[in-house]
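>>> got a predicted structure plus its sequence, pasted below:
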Amino acid sequence: MVSIKDIAAACNVSTMTVSRAINGSDEISRETKERILKMCDKMGYRPNAAARNLVLNKTDMIGLVIPDIANQYYAYMSKGVSSYLEKLGYGLVLCNSDRNADNERRYLDFLTQRRVDGIILIPIRYHVEDYANLVNVTPFVQVDNYVLDLNASYIGNDNYIGGRKIITHMLSLGYRRIGAILSNKNSTASNERLKGYLDAHREQGVAVDEDILLRSNATFEDGYKLAEVLIDKKVDAIFGINDTVALGVMKYCYNRRVKVPRDLGVAGYDDIEQAAMFPVPLTTVHQPKIRLGEAAATVLLNEINNENHQKQKVILQPELVVRKSCGE
């Protein structure tokens, strides 16, 4: 195996000079650096990445913590992160909190102890003190959901606009009792969509029955289970806080012979692939999922490479996707 000493001997320089060339130091001339790097290629020398990272205090790894690895929305967002990092030579450590606060806490401890260069996080806890230490330990950005008053960058979609668009659309089709299966009461994304729901009703002069606004863990199983509750409350349509929930509603309707959209209108949010694959394609809101991941990775790397980089808030715009599940 070729060593750094072999390269130094072949180039007639010291091992320190070879080390500086490999690590991109400005303490040697460009000509010397190029000559050494060409010799490394010629002789097949590969630097010891672990040793190099120890010296530079870098790992070239990024941590990503998502709430639900089975949810296609998070899968596409993760793909955006991964594809962007790959181009720049970074690796990715993917962690699934499974919407469990203890899991999230354990993964964040793991990532900071193993010294990733930064963390991209979709938080499931909602208090500043839950993440206060993380802010001081490693660069990180919040994605999709955020913690109020936390001094960290946030990359997300305009959940208020998306919520108002989809509910305005449903109201325009004549629905007047639109049940909603929301997420956790502390979820900023869910609450902003709920505000859009409420404002759309107010704009159309339609009264809101808070008894048909239900909270959940935003899973397929919750959609299936709570569909029955809302149908018993005589709703004429159901809005799922995400497509996974909405597809759970549609599965319940299929099993119980409730015709969509003849008997019940259904709409979702996110525009995952399966939304268009059901016998009755799902009306939903498209979120630029891959672009969201790319934006998060871009902001994080800027913060990693520039300690004085200002915290950012990047908001992407969603689009209404009209299909057939509301009787369009």
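Done, it's in. Since the model is a prediction, treat every value here as computed from it, not as a measurement.
>>> so which strand or helix has Asp102?
Here Asp102 sits within helix 101-113, counting by DSSP states H and E.
>>> wait, Ile181 sits on Thr219?
No: with contacts counted by C-beta atoms under 8 Å, Ile181 stays clear of Thr219, the gap being 10.0 Å. All C-beta atoms are positioned from the backbone trio N, CA, C, and that covers glycine.
>>> who has more neighbours, those two?
Shown here are Ile181 and Thr219; by other C-beta atoms under 10 Å, Ile181 has more neighbours (29 against 19).
>>> so in terms of bridging, what pairs with the more buried one?
Beta-bridge partners for Ile181, by DSSP bridges, are Leu214, Gly240.
>>> from Leu92, how far out is it?
32 Å (C-beta to C-beta, to the nearest Å).
>>> in the helix holding Asp102, what counts as buried?
103-105, 107-108, 111-112 (16 or more other C-beta atoms under 10 Å).
>>> identify the residues contacting stretch 121-129?
64-67, 74, 97, 99-101, 104, 108, 130-131, 140-150, 184, 186-188 (C-beta atoms under 8 Å, 6 or more residues apart in numbering).
>>> just the ones in strands from these, please.
Counting by DSSP state E, the contacts of stretch 121-129 place 64-66, 140-143 in strands.
>>> which strand or helix spans Met170?
helix 159-172.
>>> neighbours of the closest residue to Asn159 other than its chain neighbours, just the number please.
Leaving aside its chain neighbours, Asn159 sits nearest to Glu192 (3.7 Å; criterion: C-beta to C-beta, 6 or more residues apart in numbering). Per other C-beta under 10 Å, the neighbour tally for Glu192 reads 20.
>>> kindly report the same for His169.
19.
>>> and it, what is it in contact with?
Neighbouring residues of His169 by C-beta under 8 Å, 6+ apart: 267, 283, 320, 322, 326.
>>> on the three-state scheme, the third one is what?
Read it as Leu320. Counting by DSSP: H, G, I helix; E, B strand; the rest coil, the backbone at Leu320 sits in strand.
>>> next one: it from Ile161, what distance?
Distance from Leu320 to Ile161, counting by C-beta to C-beta: 10 Å.
>>> Provide a list of residues in contact with the residue nearest to Leu320 when sequence neighbours are not counted.
Sequence neighbours aside, Lys165 is the residue nearest to Leu320 in space, at 4.6 Å (criterion: C-beta to C-beta, 6+ apart). Going by C-beta under 8 Å, 6+ apart, Lys165 touches 196, 285, 318-320.
>>> count the residues that sit near the closest residue to Cys326 other than its chain neighbours.
Nearest non-adjacent residue to Cys326, counting by C-beta to C-beta, 6+ apart: Gly265, 4.1 Å away. Neighbours of Gly265 under the rule other C-beta under 10 Å: 22.
>>> also Ser29?
10.
>>> so what does it look like in phi/psi?
When read as degrees, to the nearest 10, the backbone of Ser29 gives phi -70, psi 160.
>>> burial count for Ile122?
Using other C-beta under 10 Å, Ile122 has 23 other residues around it.
>>> separation between Gly63 and Asp117?
9 Å.
>>> which one of these two is surrounded by more residues?
Set Gly63 next to Asp117 and count neighbours by other C-beta under 10 Å: Gly63 wins out with 24 against 21.
>>> so who does the residue lying closest to Phe239 once chain neighbours are set aside touch?
Of all residues not flanking Phe239 in the chain, Ala180 sits nearest, at 4.7 Å (C-beta to C-beta, 6+ apart). Neighbour list for Ala180: 194, 197, 212-214, 238-239, 241 [criterion: C-beta under 8 Å, 6+ apart].
>>> ok, Leu148 - how many residues close by?
The local packing of Leu148 (other C-beta under 10 Å) involves 9 other residues.
>>> please enumerate the strands of this structure.
Under the criterion DSSP E, strands of the chain are mapped to 61-66, 91-96, 118-121, 140-143, 153-157, 178-181, 213-214, 237-240, 265-267, 284-286, 313-316, 319-321.
>>> what helices or strands is the first one leaning on?
Pointing back at strand 61-66 there. Under the contact definition 3 or more C-beta pairs under 8 Å, 6 or more residues apart in numbering; DSSP states H and E, strand 61-66 sits against helix 72-87, strand 91-96, helix 101-113, strand 118-121.
>>> ok, which of these comes nearest Tyr224?
Smallest distance to Tyr224 across the helices and strands packed on strand 61-66 (C-beta to C-beta): 17.1 Å, for helix 72-87.
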